[in-house]
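K.L.:
Here is a sequence together with a model predicted from it:
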Amino acid sequence: METIEELFELAPEEIEVCLRLARNGERFQLLHFVRPPAFEDWLDYERNLRGCIESVESEGEEALRFDARTLEAAASLYDRIIRRTEGYRAGEKTIAVPVEKIPLDHKEMVVRGLANVAPAAVPPSSQAEPDLPPAAFSLDSEAIEVTLEAGRNGNTHRNLVHVFRPPTAAETIEFSRVSSHALYVRGSKTLKSILPSRLPGLVALYDKLIEQVRGYAVDGAPVTDRAVIAKQMDPLHKKVALQNLFGA
Amino acid sequence: MSVRIVNTSGSIASPGSPSRFQAVRASRDREQLRESIWRHLTGIHSGSGRPGRHPANKRVPYAFELWIAHLLLLEQTLEVAPIPWRELRAEELDGLLLLRAAQERFRREYRPCGQCRAPIKGKICDRCGAVN
């Protein structure tokens, strides 16, 4: 995957996800064109995941087992947002392959590609360089920056910066409140807990705290307005940035 | 047996199954929360030195671990930076009261080991084996 300095487009007409696979000595390049998932799409996806945690015994010790319906949730999201594919063949047809013909694991890979966002890894070059003159240590606590990296169309965007105002004590409590929301299944022998989606609470808190972003664009122009950030920012980017802000 | 989510604010149950499997918000299951807080306190202080790991009969469901962690943060925050009580939710206030009661009980029933200072209930320390 190539690293690029281009701005990350928040309002693309459509997103292309390319799967490169090899099987039986043949190579395949499978293109999936989807509309950008909206907040409701990701919310449905997280609900369909039905993430749960159970206590199980493993070699005499208690262990926690996490389960989620990843394939089913991804397939449901994929079916909602897919527009067309290229590279598949069904009988004589090589175009307009029906969505139900697409293998489940391909759908899951496409969704994983769309959800490819994470805190930026600290590159070795950013560690203390002995040859550089000493820099001023910033005591400025007016803003807190969180840097993410995300994949899109085969490229990695590494400088996606979210600038937050420092959270208040009440907002820290709110984050904890949202993150600790879970359900317990009474009567389950494995002490099953269900983890509902925290996306609505996290997105609402993000919208309160965000000041500006860098590395993003809407229709090719850098995003500067807070209202635009709240409206256009990818909900998964909001979630990952906020969790990183609170060190979760 | 599948569990169907009806809503996230109340209870969840599979159609046709009376009450054997029912999902409830950890913050709203008062009795289970009371029990979980006690298990959490006595598990952490059992001297195993491995917080969060409990014997099979003392396990705390993950949903309650999450909520108890929130209550502990809330308690610590309230000590140094009081939040207006209007901002506390009823389930948080209730949880804090249960937490306080459990902590009081813990202080009454446990004392520090004379040898290693680990909290003990009986005469023999689980951690160092000293007879107190």
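P.N.:
Right, received. Where do you want to start?
K.L.:
Can you show me the strands along chain B?
P.N.:
The residue ranges that make up the strands of chain B, judged by DSSP state E, are B:11-13, B:22-25, B:111-112, B:119-120.
K.L.:
Now do residue 62, the pLDDT please.
P.N.:
Answering for chain A, as no chain was given. According to the predicted model, the pLDDT of residue A:62 comes to 77.
K.L.:
Please refer instead to chain B.
P.N.:
pLDDT for residue B:62: 93.
K.L.:
show me where pLDDT drops low in chain A?
P.N.:
With pLDDT under 70 as the threshold, chain A has low-confidence stretches at A:1-4, A:92-96, A:123-141.
K.L.:
near chain B, which residues of chain A show up?
P.N.:
Residues of chain A lying near chain B by C-beta under 8 Å from any C-beta of the partner chain: A:47, A:50, A:53, A:55, A:57, A:61-62, A:64, A:169-170, A:172-173, A:176-177, A:179-188, A:191-194, A:196. Just so you know, the C-beta spots here come from the backbone N, C-alpha and C atoms, and that holds for glycine as well.
K.L.:
Mark which of these are buried, thanks.
P.N.:
Among the residues of chain A next to chain B, those scoring as buried are A:47, A:50, A:53, A:55, A:62, A:64, A:172-173, A:176-177, A:179-186, A:188, A:191-194, A:196 (criterion: 16 or more other C-beta atoms under 10 Å in any protein chain shown).
K.L.:
Check whether residue B:126 really touches residue B:118, as I assumed.
P.N.:
Yes - contact status for residue B:126 versus residue B:118: in contact at 7.1 Å, counting by C-beta atoms under 8 Å.
K.L.:
Tell me the secondary structure at residue A:62.
P.N.:
For residue A:62, the assignment made with DSSP: H, G, I helix; E, B strand; the rest coil gives strand.
K.L.:
Quick check: it touching residue A:55?
P.N.:
Yes - with contact defined as C-beta under 8 Å, residue A:62 counts as touching residue A:55 (5.7 Å).
K.L.:
tell me the contacts of the residue nearest the centre of chain B?
P.N.:
Among the residues of chain B, the one closest to the centroid is residue B:37, at 2.0 Å (C-alpha atoms, centre = their mean). Contacts of residue B:37 were listed using C-beta atoms under 8 Å, 6 or more residues apart in numbering or on different chains, and they are B:64, B:68, B:71, B:98-99, B:102.
K.L.:
Name the nearest residue to it, ignoring sequence neighbours.
P.N.:
Among residues not flanking residue B:37 along the chain, residue B:102 sits closest, at 4.5 Å (C-beta to C-beta, 6 or more residues apart in numbering or on different chains).
K.L.:
Can you get me a residue count around that neighbour?
P.N.:
Using other C-beta atoms under 10 Å in any protein chain shown, residue B:102 has 21 neighbouring residues.
K.L.:
What of the one 10 residues further on?
P.N.:
When neighbours are defined as other C-beta under 10 Å, residue B:112 has 12 of them.
K.L.:
That one reaches residue B:127, doesn't it?
P.N.:
No - Residue B:112 sits out of contact with residue B:127 when judged by C-beta under 8 Å, with a separation of 11.0 Å.
K.L.:
what touches both of the two?
P.N.:
Taking C-beta under 8 Å, 6+ apart as the contact rule, the neighbours common to residue B:112 and residue B:127 are residue B:118.
K.L.:
and the contacts of residue B:37 as TSV, adding distance to residue B:21?
P.N.:
Putting the contacts of residue B:37 into TSV (distance: C-beta to C-beta, whole Å) gives the following:
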residue	distance to residue B:21
B:64	17
B:68	23
B:71	26
B:98	25
B:99	28
B:102	27
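K.L.:
Among the residues you listed, name the ones in helices.
P.N.:
B:64, B:68, B:71, B:98-99, B:102 (DSSP state H).
K.L.:
And these, which is closest to chain A?
P.N.:
For chain A, the closest of those turns out to be residue B:64, at 6.5 Å, with distances computed as C-beta to the nearest C-beta.
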